[in-house]
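Asker: Have a look; sequence and predicted model below, questions after that.
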Amino acid sequence: MIEVTSLGCGYGAVDVLRDVNLRIPAGEMTGVLGPNGSGKTTLLHVLAGILPPREGRVRVSGRDLEGSSARWRARLMASVAQNAAVTFPFRCLSVVLMGRYPHLSRWGGYTEQDLEQAMGAMEQTGTLALADRLINEISGGEAQRVVIARALAQAPSVLLLDEATSSLDVARKIQVFDLLLEKNRGEGTTIVCAMHDLNLAALYCDRLIFIKDGGIALDGPTQELFTSQNLSEIYGTRVMVSQHPVTGSPQAHFVPGAALAGGPDSSRSGVDARGSR
């Protein structure tokens with residue numbers, strides 16, 4: 001579904017990513033993680049066609065992204081940013097209907113099917129009661145869920161999420177990721193999530209890609225990569241890992257003061273992948 005070859009990109013005179021190579025098969029749910037400034041958002045901007053690469057190439061569904069039309073990209077992919085605020089006084093339903101725009105005929109308006117898609121997406125995200133409210137008069141978390149509904153109404157084959165649930169409370173985060181998992185498992189939607197929440201990523205993502213210092217530091221199955229040593233070295237602070245008591249997924253536990261006491265060197269103190277000595 002997504003192939004990145006020898007990618008180099010950045011802003012102005014600053015290089016952010018260098019010689020990045022990765023392949024994300026169709027139907028995979030992938031988490032992109034790493035420290036602040038490592039290039040997670042930049043990678044998603046390139047995949048979405050927002051930022052052109054300086055070097056290398058990006059192919060999506062067998063087609064070069066460079067030179068592709070915005071309409072083609074919008075029919076295939078939908079993106080949700082961390083703070084996708086809509087400041088104009090639009091009704092929430094109107095905002096979600098914007099996700100149907102790539103599918104409209106040249107001269108046609110929204111159809112009954114478009115309305116059904118939009119209303120269905122709002123129901124799935126728990127925002128249907130907000131349909132007639134103005135988006136600039138609801139809470140930030142509610143507005144973010146409306147924007148997520150807009151992306152779902154787009155009916156994409158690929159969802160690109162950049163910290164899309166960071167403004168949501170714990171219950172809403174779980175609800176959104178349960179919905180994403182349903183889209184992934186049930187409909188085969190390819191999902192790429194840039195995240196800071198390690199434990200949420202471990203609960204839901206099949207595969208993790210860690211970016212650090214402008215390149216891919218680690219890439220592989222969640223169960224293999226999510227270890228005390230790997231996380232400690234990536235983030236520069238001591239991280240202990242144990243199993244979730246219900247799902248069995250690995251979960252991270254941070255140690256206060258460890259970053260000041262030597263950071264990743266403390267990962268070699270005899271703590272194994274389950275956090276025991």
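Answerer: Done, it's in.
Asker: From Leu44, how far off is the residue positioned nearest the centre of the chain?
Answerer: Nearest to the geometric centre of the chain sits Cys193, at 1.8 Å (CA atoms, centre = their mean). According to CB to CB, to the nearest Å, Cys193 and Leu44 sit 9 Å apart. Where you see a C-beta, it was placed from the backbone N, CA and C, and this is true even at glycine.
Asker: same question, Tyr110
Answerer: From Tyr110 to Leu44 the distance is 28 Å (CB to CB).
Asker: residues shared between the contacts of Cys193 and Leu44?
Answerer: Here Cys193 and Leu44 share the contacting residues Val32, scored by CB atoms under 8 Å, 6 or more residues apart in numbering.
Asker: on that earlier part again, check the spacing between the residue nearest to the centre of the chain and Leu104 real quick.
Answerer: For Cys193, the distance to Leu104 - CB to CB - is 28 Å.
Asker: same check, this time on Glu116
Answerer: Distance from Glu116 to Leu104, by CB to CB: 15 Å.
Asker: Could you do Glu137 as well?
Answerer: Relative to Leu104, Glu137 is positioned 27 Å away (CB to CB).
Asker: do the same with Val32
Answerer: 31 Å.
Asker: Mind giving me the packing neighbours of the helix of greatest length in the chain?
Answerer: Using DSSP state H, we find that the single longest helix of the chain is helix 170-187. Applying 3 or more CB pairs under 8 Å, 6 or more residues apart in numbering; DSSP states H and E, we find helix 170-187 packed against strand 29-33, helix 140-153, strand 158-162, strand 190-194, helix 198-204.
Asker: Identify each buried residue in that helix, please.
Answerer: Arg172, Lys173, Gln175, Val176, Phe177, Leu179, Leu180, Leu181, Lys183, Asn184 (16 or more other CB atoms under 10 Å).
Asker: likewise stretch 41-51?
Answerer: Thr41, Thr42, Leu43, Leu44, His45, Val46, Leu47, Ala48, Gly49, Leu51.
Asker: same question, stretch 252-259
Answerer: Ala252, Ala258.
Asker: Now do that stretch, average pLDDT.
Answerer: For stretch 252-259, the mean per-residue pLDDT is 90.
Asker: Now do that stretch: distance to the chain's middle.
Answerer: Here the centre of stretch 252-259 is set off from its chain's centre by 25 Å, with CA atoms, centre = their mean, to the nearest Å.
Asker: now swap in stretch 108-126 and tell me
Answerer: 23 Å.
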